[in-house]
Structures are given as C-alpha cells and as structure tokens.
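Engineer: Give me coordinates for this.
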Amino acid sequence: MKTTITKSAFMDAFHAYDRYDQFGYTALSSLFDYLEDYEETSDEEIELDVIALCCDYSVDTVEEIAANYSIEVDEGEDLRDAVLDYLNDNTTVVDDDCDGSILYVSAF
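Structural biologist: Alright, predicted model coming up:
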C-alpha cells in the first residue's frame, strides 16, 4: 500500500517525532522537494522514515561543517566555497541556502 504524503504531512511527521527543530521549515521544505524530485526521476518510491532521514541528512552552518570534517582553507580562500567544494566532491548538497545553512546528505 502507498500513501501519498503532502508537504504539510511531511512536516507534521517531523513534529510528531520531535525532530522538526533538527531541520526547521526551510530545510524540511527543501528536503521534501528533493525527495519528491528523486522519486519522479528515479521511479523509486521512498518510504517516509523520519529517523532514517534524520540520520542521512543534516543541516549545518558553514562553520559547523568545516569543523566537523576538518576542512581547512588557504589564505584568501572563501570558507563557504571550500565547504561546498568538499561536500560536492564527497556527497550531495540538497540546498546550499537554508537560512544561511547547508542541507546535505551526511551519511557518506
């Protein structure tokens, strides 16, 4: 059986698991759009598993990502550019402007 999830129901599921604040509205909206697009382009259905999504995706500031992955910048290099280069080389960036943070696949 399949139930189609709306963006509102997607958000509600994160509220129900007390995981909404892990992402916030902007990142969850982007994640929903990304997953919906993935389903359409791959013809693969995704089961809504809030905990798994919380484990596989993260939204962090540029500084947090740089610290978490030991990203160093050369003099004159922009930290944001270095972080995005690192993420694009190693994983998938879902949205690079979630209220100043970056939403990415953190399970890599």
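Engineer: what about L31, neighbour count?
Structural biologist: 21 (other Cβ atoms under 10 Å). In this view, the C-beta of every residue, glycine as well, is placed from N, C-alpha and C.
Engineer: contacting residues around I51?
Structural biologist: Y17, R19 (Cβ atoms under 8 Å, 6 or more residues apart in numbering).
Engineer: how about whichever strand or helix holds it: buried residues?
Structural biologist: Using DSSP states H and E, I51 maps to helix 50-56. The neighbour-count check on helix 50-56 (16 or more other Cβ atoms under 10 Å) flags V50, L53 as buried.
Engineer: quick one: strands adjacent to the helix or strand just after it?
Structural biologist: Counting by DSSP H and E, the next helix or strand C-terminal to helix 50-56 is strand 57-60. Sheet partners assigned to strand 57-60 using DSSP bridges are listed as strand 101-105 (antiparallel).
Engineer: How about the contacts made by L31?
Structural biologist: L31 neighbours (Cβ under 8 Å, 6+ apart): F23, L53, Y57, V94, D95, L103.
Engineer: Likewise for E45?
Structural biologist: Counted by Cβ under 8 Å, 6+ apart, E45 has contacts K2, E39.
Engineer: Quick check: V94 is in a strand.
Structural biologist: Yes: under DSSP: H, G, I helix; E, B strand; the rest coil, V94 sits within a strand.
Engineer: Surely it is in contact with V105?
Structural biologist: Yes: using Cβ atoms under 8 Å, V94 is in contact with V105, at 7.0 Å.
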